[in-house]
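1. Have a look at this fold, sequence not included:
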C-alpha cells in the first residue's frame, strides 16, 4: 500500500528507486509492478508532470528499463533526430541521465553520446565544486561505477549510509533497510535471532 499512497508519478519513481538502492524492493514487488506497468501504459499519453524536467524524464527512463520496459531513447533526441544537449543547470538531471545511459540497447548511439557528454560535465563539476559534500560523493560513486554494474547488496550497504544523511528520509524505510541488511548478513539462526530481538526491544538497529 505504500506506493499507492504516493500520488505524484515523480515521487513514485523516487520511492521505487530508493527501495531498490536500499535493497528492500523485493518486499514491495507487487506494488512496484503495478505502478510501473501503469506508468508504462501511460508513457506517451500523460507526460505533463515530466515535460521539460530532465531529472524526472531520465529517472523514468532508467527505472522502467531496469524493470524490463523498453521505453524509447527519444528523451535524448531533439526534433532533428540528433543528440539533445543537456541542461547545464540541472546537475541532478545530468547525473540521472548518466546512470540511465547504461541501460542502452545495441544501436542506441544517441544514448552513448549522452553518456560521454554527462561524464565530461560531471567530472568538470567535481573539479570546481568544493561544497555539497554528500552530493559530490554520490557523483564520484556513479563515475567510479554506475548503478547498473554494481552488486546490489554491496550497493545497498553504501546507500544506507547515504540515505541516513539525506534530508526528508523516511525513518521507517531506513530502519527496515538496516534490519533487512543485517538479516541477510546473519550467518546462522543465533545471529538472526539476535538481530530481530535487538530490533524489537530497542526500536533501532545499527549495521554490522
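-> Thanks, I have the structure now. Not measured: the values here are computed from a predicted model.
2. so where's this protein shaky on pLDDT?
-> 1-6, 46, 79-83, 85, 186-208 (pLDDT under 70).
3. let's see it at 80
-> By pLDDT under 80, the weakly predicted segments of the chain are 1-7, 43-49, 51-52, 75, 77-88, 185-208.
4. which element is residue 89 on?
-> Element membership for residue 89, per DSSP states H and E: none, as it lies in no helix or strand.
5. residue contacts, it?
-> Applying CB atoms under 8 Å, 6 or more residues apart in numbering, one finds that residue 89 lies in contact with no residue. Quick note: C-beta positions are derived from backbone N, CA and C, even for glycine.
6. Let me see the backbone angles for it.
-> Note on residue 89: backbone dihedrals following degrees, to the nearest 10 are phi -80, psi -20.
7. separation between it and residue 55?
-> In this structure, residue 89 and residue 55 are separated by 11 Å, where distance is defined by CB to CB, to the nearest Å.
8. Same check on residue 47?
-> Per CB to CB, residue 47 is found 14 Å from residue 55.
9. who has more neighbours, the two?
-> It is residue 55, of residue 47 and residue 55, that has more neighbours when counted by other CB atoms under 10 Å, with 20 against 14.
10. Mind giving me the packing neighbours of the helix or strand where that one lies?
-> Per DSSP H and E, residue 55 falls inside helix 54-66. Secondary structure elements in contact with helix 54-66, counted by 3 or more CB pairs under 8 Å, 6 or more residues apart in numbering; DSSP states H and E, are helix 9-22, helix 29-41, helix 91-100.
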